[in-house]
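Peer 1: show me how the following folds:
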Amino acid sequence: MKAIRINTAATFDQTLQKTLQEHSPVFVLFFGNELPETSESWCPDCVIADPRVRKAVLDHDASSKSSALLEVPVGLRDAWRSDTNHYRSRFSLTAIPTLIHWTKSGPGERLVEVDCADSTKLQAFVEKSSPQD
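Peer 2: The predicted structure follows:
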């Protein structure tokens with residue numbers, strides 16, 4: 001598994017397209033930015049989900065090593081809650097964390113909020129992804 005962080009909305013499309021050319025499956029994880037004082041996300045669900053998402057994708061990828069996880073911070077709490085948040089409006093995000101299986105056709109299925117921390121749901125989600133995407 002290759003993990004790639006996209007720190008700005010301006011680089012999202014370019015990084016996503018390049019990743020889709022080089023990796024399959026591609027998962028995109030939207031989460032709350034880390035607080036400088038703790039180095040952890042301000043979003044408690046994101047803190048819980050992050051290591052579980054990584055483990056699920058890494059376990060799924062153990063043999064082929066072809067998957068990618070794009071990490072996309074959506075901003076601090078006030079920025080995330082704003083109606084003008086780029087990711088919230090563009091991808092109809094309702095909560096974070098949100099994990100989306102992305103294909104060359106666009107965003108596919110998603111896991112949202114507490115489902116991202118549910119090991120059974122995570123495993124089923126990543127297993128449904130196909131390396132031929």
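Peer 1: the protein: strands as residue ranges?
Peer 2: In the chain, the strands defined using DSSP state E lie at 2-5, 26-31, 68-73, 98-103, 106-112.
Peer 1: the first one: how far from the chain's middle?
Peer 2: On the basis of Cα atoms, centre = their mean, to the nearest Å, strand 2-5 is displaced by 10 Å from the centre of the chain it belongs to.
Peer 1: which positions in that strand come out as buried?
Peer 2: Neighbour-count burial for strand 2-5 flags residue 4 (criterion: 16 or more other Cβ atoms under 10 Å). Using the backbone N, CA and C atoms, a C-beta is placed for each residue, glycine as well.
Peer 1: so what are the sheet partners of it and their directions?
Peer 2: strand 68-73 (parallel) (DSSP bridges).
Peer 1: on the pLDDT front, check the spatially most central residue of the chain for me.
Peer 2: Centroid check for the chain by Cα atoms, centre = their mean gives residue 29 as the closest residue, at 0.9 Å. Note for residue 29: predicted pLDDT of 97.
Peer 1: tell me what it is bridged to.
Peer 2: Beta-bridge partners recorded for residue 29 (DSSP bridges): residue 71, residue 99.
Peer 1: so what's it up against?
Peer 2: By Cβ atoms under 8 Å, 6 or more residues apart in numbering, residue 29 lies in contact with 50, 53, 69, 70, 71, 72, 97, 98, 99, 116.
Peer 1: list just the nearest of those residues to residue 20.
Peer 2: For residue 20, the nearest member of these is residue 70. The distance, counting by Cβ to Cβ, is 9.8 Å.
Peer 1: state the pLDDT value of the closest one.
Peer 2: Confidence score, pLDDT, at residue 70: 96.
Peer 1: related to what we said a few turns ago, can you pick out the most distant pair from the contacts of residue 29?
Peer 2: Spatially, the most separated pair among the contacts of residue 29 is 70 and 116, at 14.5 Å (Cβ to Cβ).
Peer 1: comparing these two, which residue is more hemmed in?
Peer 2: Counted by other Cβ atoms under 10 Å, residue 70 and residue 116 do not tie: residue 116 has more neighbours, with 27 against 22.
Peer 1: fine by me, we can end here.
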